[in-house]
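Participant: Here is my input; please provide its structure:
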Amino acid sequence: MRRKAIAGALILFFFVGLYFFSGDAPEERRTVGPIVGEADTDVSMSGVEMRLGQEGRTLWTLRALSASYDQGQQVVLLSSPNIVKSLDGRDIPVIVSAPLGEVDQATSDIRLWSGVHMEHGPTYLNSDEAVFVQVDETIFLYGDILLDRQGLQLRSKRGDVDLHTWVVNAEGGVEVIIAKDSFMHGL
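Facilitator: The predicted model follows:
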């Protein structure tokens with residue numbers, strides 16, 4: 001039921017955004033970047049912003065340089081997506097960006113790829129691909145993961161981030177590097 005409500009909200013926000021961003025100027029209707037020329041695209045626009053909220057509180061905001069909607073696949077394809085995710089009880093949001101992405105309307109999951117960058121305060125995390133699963137409030141990471149937090153670095157091939165606890169799990173050739181300077185500050 002929650003997934004249907006979230007999917008419905010995303011579709012509503014998409015069409016509200018279409019209404020506000022589809023002015024008379026031809027440059028506003030053009031798609032920018034790799035989405036141009038998609039044969040199965042039903043709608044495309046530039047300067048996109050989508051928000052998901054619950055009980056009067058914004059859960060996340062997604063901005064993209066351009067987007068196109070494929071009704072058959074129920075997917076919004078994104079160029080240069082940037083997500084700002086508010087965490088419960090915390091002032092510092094999680095910011096996630098990538099060159100390419102998509103929002104699955106059926107599940108409300110967001111997939112980003114081609115070099116994902118995530119930050120939360122002093123913590124930076126890079127990966128090849130990331131999938132934000134709404135229901136679990138978890139971001140799954142794939143390929144060349146690098147987590148850096150003030151002198152502590154972790155490398156792996158797969159992992160996930162629980163957005164409730166901000167616990168990062170890593171697997172697949174995990175390597176941890178502790179900078180000598182950061183180790184000495186803790187003593």
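Participant: Helices along this protein, start to end?
Facilitator: 2-21, 26-29, 180-185 (DSSP state H).
Participant: and these, which one's lowest on average pLDDT?
Facilitator: For those, the weakest mean pLDDT is recorded on helix 26-29, namely a mean of 34.
Participant: Please name the residues that touch the closest residue to residue 178 other than its chain neighbours.
Facilitator: The shortest distance from residue 178 to any non-neighbouring residue, by Cβ to Cβ, 6 or more residues apart in numbering, is to residue 152 (5.5 Å). (Each C-beta comes from the backbone N, C-alpha and C, glycine too.) Residues near residue 152 by Cβ atoms under 8 Å, 6 or more residues apart in numbering: 176, 177, 178, 179, 182.
Participant: could you check the distance from residue 152 over to residue 180?
Facilitator: For residue 152, the distance to residue 180 equals 12 Å [Cβ to Cβ, to the nearest Å].
Participant: cool, residue 132 as well?
Facilitator: Distance from residue 132 to residue 180, by Cβ to Cβ: 35 Å.
Participant: How about residue 142?
Facilitator: Per Cβ to Cβ, residue 142 is found 31 Å from residue 180.
Participant: ok, back up a step: and residue 132 and residue 180? Which one has more around it.
Facilitator: Shown here are residue 132 and residue 180; by other Cβ atoms under 10 Å, residue 132 has more neighbours (25 against 8).
Participant: got any ranges where the protein has weak pLDDT?
Facilitator: 1-41, 89, 182-187 (pLDDT under 70).
Participant: how about the strands in it?
Facilitator: Assigned by DSSP state E, the strands in the chain fall at 43-54, 57-70, 75-79, 82-85, 94-97, 100-104, 110-120, 123-133, 138-149, 152-162, 167-171, 175-178.
Participant: List the contacts of the last one.
Facilitator: Strand 175-178 is contacted by residues 151, 152, 153, 154, 155, 156 when judged by Cβ under 8 Å, 6+ apart.
Participant: so who does residue 76 touch?
Facilitator: Residue 76 touches 10, 14, 50, 67, 68, 69, 70, 102, 103, 105, counting by Cβ under 8 Å, 6+ apart.
Participant: Thanks a lot, catch you later.
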